[in-house]
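Q: Provided below for reference: sequence and predicted model.
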Amino acid sequence: EALHLRIMIAAIEWIPAGRANPTPSKYEYSRAEQEFLAKVQQQAAGGELAADEEGVDGSHEDKDAVVDGAAGSDNEEWEEMEDEGEDEEGGDSKVELPKADPSSLPADLRMDEYSDDEGDNKEKDVGGLLVGKDAEEMMGVYKTRNNDNVDDGESSDSDDDDDLGDVPDTREYMPVDVEGLQSINIGGGNSGFNMGDLQNMTMENGEEDDEDEDDEDDEDDIKLQDGDALVVVAKTEEDFASLEINIFDAESSNLYIHHDIPLPSFPLCLALGSVVSSYQSNNVATAGNYVAVGSFEPGIEIWNLDVMNALEPTMVLGGMDTSGAEDDWMRMQSASMGKKNTKKKKGASSSGLREGSHTDAVMGLSWNTVHQQVLASGSADGTVKLWDVTQTKGGYVRPSATLTHHTDKVQSLAWHPSEGTLLATGGYDRRVCLVDARSAAAVSSTKANQSVKKAKLLADCEAIAWDPHNPNYLTAASEDGVVQCWDVRKFGADPVWSFVAHEYGGVSDISYNSQVPGMLMTCSIDKTVALWDTQNASSPTPQPCGSKDMNVGKLYSVSCYPSSPWLLACGGSGHELAIWDMESEDAIQKRFASRVNDGDGAAATAAANNDDGADEPDFEAIMAAEDNAATSKALDGMSKSKKKKGKKKGKAHSKRK
């Protein structure tokens, strides 16, 4: 059991088709590096490097020191040596380094002994080409060693034994016609190749061809194809955690890892987003392919999935205060540019949490699909925080609102797919809650908690999901295996339907198929994925459509590909990602195939759930009431409107049964 906790897949998210960059980059500069490079560019254009609060001017040093990453301490040592020389000898002297004896250098570094006369070496070059470079080098080594022994006047029995001067040379040489070779542009000449070019031509051309082929192969491997389906996996293995970006090719049924990102802490949840704050200007969004990662740490990391070798997250919400470390890095780089006597900014701290951060593990995340800059997070500290990732102040993002309507750990969150201010939350206090984000941000936390709508569960909430084909329905799964669905227009009353999905182990995750109306998927630690039909006209409760053992251990997460109706991914304690292609399942196709792209069926279902075509209520107007009385009055008005049509509605339901 302990091994299962340390080797697992905690969360899975499919990347919608078209969001990822087809040609991802290999590296991305961090925000601190981007800011520093922007300052260097300003300086190169004639501006001055921005001074610190003390207003100390920086001296201009060699710009190559910035690129080479020269440390400030080395520059200061050289400057001190130069200052001492100026004081002692009038300021015109320079530091002289000791000269090295040329005879002590290796033979290939004795520049004075090289011959500039290329004509004297023509026959030698041609001979090296015909006989072979290796043989020539061996003979040169032998001659050098023999000459050294003669000069030193040393002799021994071992030297006599090794003396090969008397051994006759039995090799046969062809007469070398230097002029003939040069006439065909070999061995010299103004328009021909020299001997070094000829010796290396074959090898260099082969290496260049191999390098070009390798580069082309790498580009082909990195480039995303039109039919590639990308899925992000939060994986933990022993003491190593990572994000794996996998590619599934439906045509060949191949699954492989495109690239991975190491994580500093064990991940618990994921949320996909498309915008973050730009480093160049506050309150400006930068579009991209991002994922927010919640872990056992209180900080939320946002990573750019289009970067192959990402070394650090694009942004961190909350968590440890690293402003002191960032200031140290900027100060070090400024020192390499020649600035001195820089000091830490007042208020910077290298320890503790950032203002507004969670204080415990982040267990749930949800990125708003309507207001794409808004991210909601739930934590083991019992709070729900709303973040605007485009609003930075003091170098980092602070939460826009903090809600405390749960009395225990907050496990899951889900924004409404079309009403951008309606947020559903579920926690270990056995409550599912509805929150209006506008009232939460506008009023105090106490009044905001009073306007929260709550529904009770019989066990801890494990997952919640909105029905994408029926926006009035909110579904929650609990650890006792029960799945319940409420009509949010009557939230807090009895659920529309409730059933036991998994008798053993409870339900660990649920997911609706956004392409197929009525298809609900559940997974459990009983190692199976189950399919349910929530729009079966013959029964008021969802009907089972089959289950499958995925052979990847206990399952903790399940997700359906939003760009295809028949791809399902799941993972858990088996440390492997499982893909279920349901297109070949006859029973599933018989029940659900007719619903794909069936606009009439979806419209009919929505009309039946909206009081026979009555206008859908404005959830934002209802939930945005400043107090509980106003909200209750609005809901009562909706109930009275429904009672007036009760007879017609009752007949419709009786026919359905």
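A: That came through, no problem. Numbering: from 1, shown residues only.
Q: what's around T407, how many residues?
A: Residues lying near T407 (other CB atoms under 10 Å) number 11. (C-beta placed from N, C-alpha, C; glycine too.)
Q: so when I look at it, I'm seeing a strand, right?
A: No: assigned with DSSP: H, G, I helix; E, B strand; the rest coil, T407 falls outside any strand and is coil.
Q: ok, the closest residue to it other than its chain neighbours to H406 distance?
A: Once flanking residues are discounted, T407 sits nearest to D429: 4.5 Å by CB to CB, 6 or more residues apart in numbering. Using CB to CB, to the nearest Å, D429 is found at 5 Å from H406.
Q: who's more crowded, the two?
A: The neighbour comparison of D429 against H406 (other CB under 10 Å) goes to H406, with 25 against 19.
Q: Quick check, the more buried one in contact with G382.
A: Yes: the criterion here is CB atoms under 8 Å, and H406 meets it with G382 at 5.3 Å.
Q: list residues touching both of the two?
A: Both H406 and G382 are contacted by G427, under the criterion CB atoms under 8 Å, 6 or more residues apart in numbering.
Q: separation between the residue nearest to T407 and C269?
A: 18 Å.
Q: again with A45
A: Distance, A45 to C269, by CB to CB: 45 Å.
Q: Which one of these two is surrounded by more residues?
A: Set A45 next to C269 and count neighbours by other CB under 10 Å: C269 wins out with 25 against 7.
Q: Could you find the closest non-adjacent residue to that one?
A: In this structure, C269 finds its nearest non-sequential neighbour in G294, 4.2 Å apart by CB to CB, 6+ apart.
Q: Now for the one you found, which secondary structure element holds it?
A: Following DSSP states H and E, one finds G294 within strand 285-295.
Q: Who does A376 form a beta bridge with?
A: Beta-bridge partners recorded for A376 (DSSP bridges): S366, L386.
Q: do you know how far it is from T314?
A: Separation of A376 from T314 (CB to CB) stands at 19 Å.
Q: Out of these two, name the residue with the larger neighbour count.
A: More crowded of A376 and T314, by other CB under 10 Å: A376, with 27 against 22.
Q: list the contacts for the more buried one?
A: With CB under 8 Å, 6+ apart, A376 has these contacts: L365, S366, W367, N368, V384, K385, L386, W387, L413, W415, L423, A437.
Q: Identify the residues contacting the third one.
A: Under the criterion of CB under 8 Å, 6+ apart, the contact partners of W367 comprise A271, L272, G273, A292, V374, L375, A376, W415.
Q: between those, which is nearest F592?
A: If you rank the contacts of W367 by distance to F592 using CB to CB, L272 comes first, at 25.0 Å.
Q: from what I can see the closest one touches I12, true?
A: No: here L272 does not reach I12: they are 11.1 Å apart, not a contact under CB under 8 Å.
Q: Who has more neighbours out of those two?
A: Neighbour count, other CB under 10 Å: between L272 and I12, I12 has more, with 25 against 19.
Q: host element of E33?
A: In this assignment (DSSP H and E), E33 forms part of helix 31-44.
Q: Would you map the helices across the stretch 301-450 of the chain?
A: With DSSP state H, counting those that start in this stretch as the criterion, the stretch 301-450 of the chain has helices at 323-336, 437-442, 445-450.
Q: and what of the stretch 151-300 of the chain?
A: 157-162, 178-183, 195-222.
Q: Could you tell me the least trusted of the ones you listed?
A: Mean pLDDT across the helices of the stretch 151-300 of the chain is lowest at helix 157-162; the value there is a mean of 52.
Q: what residue ranges in the chain are flagged as low confidence?
A: For the chain, the stretches with pLDDT under 70 are 1-6, 46-100, 107-218, 278-284, 323-351, 440-450, 537, 597-657.
Q: What sits closest to Q515 if chain neighbours are left out?
A: Closest residue in space to Q515, ignoring its immediate chain neighbours: P565 at 3.6 Å, by CB to CB, 6+ apart.
Q: and that neighbour, helix, strand or coil?
A: Classification of P565 using three-state DSSP returns coil.
Q: so what's it up against?
A: N513, Q515, V516, F592, V596 are the contacts of P565 under CB under 8 Å, 6+ apart.
Q: tally of neighbours for the last one?
A: Think V596. 15.
Q: That one contacts N513, correct?
A: No: assessed by CB under 8 Å, V596 is found out of contact with N513, at 9.4 Å.
Q: so A310 makes contact with I245?
A: No: contact criterion CB under 8 Å: A310 and I245 do not qualify, at 10.5 Å.
Q: Identify the contacts common to these two.
A: Shared contacts of A310 and I245, defined by CB under 8 Å, 6+ apart, are found at I261.
Q: Which residues does stretch 11-26 contact?
A: When contacts are defined by CB under 8 Å, 6+ apart, stretch 11-26 is touched by residues 219, 222-224, 229-234, 245, 259, 267-272, 274, 288-289, 291, 305-309, 556-563, 567, 569-571, 577.
Q: Tell me how far the residue nearest to G518 when sequence neighbours are not counted lies from S563.
A: Counting by CB to CB, 6+ apart, G518 lies nearest to Q535, which is 3.3 Å off, once chain neighbours are set aside. Q535 is 22 Å from S563, where distance means CB to CB.
Q: Tell me which helix or strand E13 sits in.
A: Following DSSP H and E, the helix or strand that holds E13 is strand 7-15.
Q: send the alpha carbons of that strand over as CSV?
A: Only the C-alpha atoms of strand 7-15 are listed here, as CSV (Å, rounded to 0.1, in the frame of the first residue of the first chain):
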residue,chain,number,x,y,z
ILE,A,7,4.1,5.4,-7.4
MET,A,8,0.9,6.7,-8.9
ILE,A,9,-0.8,8.9,-11.5
ALA,A,10,-2.8,11.6,-9.5
ALA,A,11,-4.4,13.6,-12.3
ILE,A,12,-5.1,13.5,-16.1
GLU,A,13,-6.1,16.3,-18.5
TRP,A,14,-6.6,16.1,-22.2
ILE,A,15,-5.4,19.1,-24.2
